[in-house]
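Enquirer: can't give you the sequence, but here's the structure:
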């Protein structure tokens, strides 16, 4: 199978959402996906742009995506965060994920970003090994904390 | 001691850098801080803005900061990331950190962000307890991966 990797465009947004939902379904979290094509169009392009994405395309079909955006390190300066790297189930193990991953790293290097960061599940040892072999550092002692919409509402109401 | 919390301005950048370095020194990582006042001025304000920050001020002295920026969740939409929450060593345990933390959560709620996220060291049980009591969720199984500038250079050179 051959595929090409290029920047995602507006026409790719339905495929982007399909892949986001495919992964969420696989993780049994489909109901947690609140995003819509409209939101992806609003924040993926134009003056409100908050992210960019690469797509892997094979026979006019989008078979994988890598979605990323800028962050800011108070030690290093501008950095890139790789939010999602998804390859459709039927096209795994063909090098598509690796190509998308490399494209993001190349983009960060070319544009002088100081770092690329992402998050991984502790038990996903295959992924961690792949990342470490590519030169990334797995910071096992740094974990993620999140306050969701409901938490924010409760916090604000309790702290008026 | 009384203090007020307000948005950081350009005049606060020297204090912001001082607090960033104070924390890095405390963590024995001072040499890792490459950021300058100029970089903070470039990306903290104006058309290149990548972050905002709140300051806690007491008797015309900046005694704490909370620095944050936008991220984008492919499940939820626009979110906030709390990058740094720093209170100067001599003014700890006076409620300054809590006030700055609350200000960021309030900001996120008021501006309709879907989530606030940050990172914590696994062994920092006091912090984790504080976050959980405030309604945040500690995702102990999600860890951080980073590829730094040297890693990017090596990766790109090996994958031409």
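Expert: Done, it's in. Please read all numbers here as calculations on a predicted model, not as lab measurements.
Enquirer: hey, let's count contacts and neighbours off CA atoms from now on
Expert: OK.
Enquirer: that's a strand at residue A:56, yeah?
Expert: Yes - under DSSP: H, G, I helix; E, B strand; the rest coil, residue A:56 falls within a strand.
Enquirer: that one is in contact with residue A:4, isn't it?
Expert: Yes - the criterion here is C-alpha atoms under 8 Å, and residue A:56 meets it with residue A:4 at 5.5 Å.
Enquirer: these two - which one has more neighbours?
Expert: residue A:56 (24 against 14; other C-alpha atoms under 10 Å in any protein chain shown).
Enquirer: for that one, give the beta-bridge partners.
Expert: Residues in a beta bridge with residue A:56, per DSSP bridges, are residue A:5, residue A:64.
Enquirer: which residues does it contact?
Expert: A:3, A:4, A:5, A:6, A:62, A:63, A:64, A:65, A:96, A:100 (C-alpha atoms under 8 Å, 6 or more residues apart in numbering or on different chains).
Enquirer: most neighbours, which of those residues?
Expert: residue A:65 (29 neighbours).
Enquirer: once you drop chain neighbours, what's closest to it?
Expert: residue A:55 (4.5 Å; C-alpha to C-alpha, 6 or more residues apart in numbering or on different chains).
Enquirer: burial count for that neighbour?
Expert: 27.
Enquirer: separation between it and chain B?
Expert: Residue A:55 is 15 Å from chain B, where distance means C-alpha to the nearest C-alpha, to the nearest Å.
Enquirer: do the same with residue A:107
Expert: Residue A:107 is 10 Å from chain B, by C-alpha to the nearest C-alpha.
Enquirer: dump the residue contacts of that residue.
Expert: Per C-alpha under 8 Å, 6+ apart, neighbours of residue A:107: none.
Enquirer: and it, that's in a strand?
Expert: No - counting by three-state DSSP, residue A:107 is located in no strand; its state is helix.
Enquirer: next, give phi and psi for the nearest residue to residue A:122 once chain neighbours are set aside.
Expert: Spatial nearest neighbour of residue A:122, excluding adjacent residues (C-alpha to C-alpha, 6+ apart): residue B:141 at 5.1 Å. Here is the backbone geometry of residue B:141 (degrees, to the nearest 10): phi -90, psi 0.
Enquirer: correct me, but residue B:141 touches residue A:121?
Expert: Yes - with contact defined as C-alpha under 8 Å, residue B:141 reaches residue A:121; the gap is 5.5 Å.
Enquirer: quick one: the residue nearest to the spatial centre of chain A from chain B, how far?
Expert: Centroid check for chain A by C-alpha atoms, centre = their mean gives residue A:84 as the closest residue, at 1.8 Å. Remark: distance between residue A:84 and chain B (C-alpha to the nearest C-alpha) = 8 Å.
Enquirer: hmm, that residue is touching residue A:66, no?
Expert: Yes - under the criterion of C-alpha under 8 Å, residue A:84 makes contact with residue A:66 at 5.5 Å.
Enquirer: could you list the low-pLDDT ranges of chain A?
Expert: Scanning chain A for pLDDT under 70 picks out A:160.
Enquirer: again, 90 this time
Expert: A:1, A:27, A:159-160 (pLDDT under 90).
Enquirer: which residues in it form strands?
Expert: Taking DSSP state E to define them, one finds strands in chain A at A:4-7, A:52-58, A:61-73, A:77-87, A:115-121, A:137-148.
Enquirer: run the contact check for the fifth one versus chain B.
Expert: Yes - part of strand A:115-121 sits near chain B under the criterion C-alpha under 8 Å from any C-alpha of the partner chain, namely A:115, A:116, A:117, A:118, A:119, A:120, A:121.
Enquirer: list the buried ones in stretch A:86-106?
Expert: Buried residues in stretch A:86-106, defined by neighbour count with 16 or more other C-alpha atoms under 10 Å in any protein chain shown: A:86-88, A:96-97, A:99-106.
Enquirer: can you list the residues that contact it?
Expert: With C-alpha under 8 Å, 6+ apart, stretch A:86-106 has contacts from A:1, A:3, A:5, A:19-20, A:22-23, A:54-56, A:63-66, A:68, A:82, A:85, A:116, B:152, B:155-156.
Enquirer: start to end distance for that stretch?
Expert: 18 Å (C-alpha to C-alpha, to the nearest Å).
Enquirer: how much space is there between residue A:35 and residue B:50?
Expert: Counting by C-alpha to C-alpha, the gap from residue A:35 to residue B:50 is 23 Å.
Enquirer: same check on residue A:139?
Expert: Where residue B:50 is concerned, residue A:139 sits at a distance of 24 Å (C-alpha to C-alpha).
Enquirer: those two: who's more crowded?
Expert: Taking neighbours as other C-alpha under 10 Å, residue A:139 and residue B:50 compare with residue B:50 leading, 19 against 14.
Enquirer: leaving out the residues flanking it, which one is nearest to the more buried one?
Expert: The nearest residue in space to residue B:50 (C-alpha to C-alpha, 6+ apart) is residue B:43, at 5.2 Å.
Enquirer: what's near enough to touch that neighbour?
Expert: B:49, B:50, B:51.
Enquirer: alright, calling it a day.
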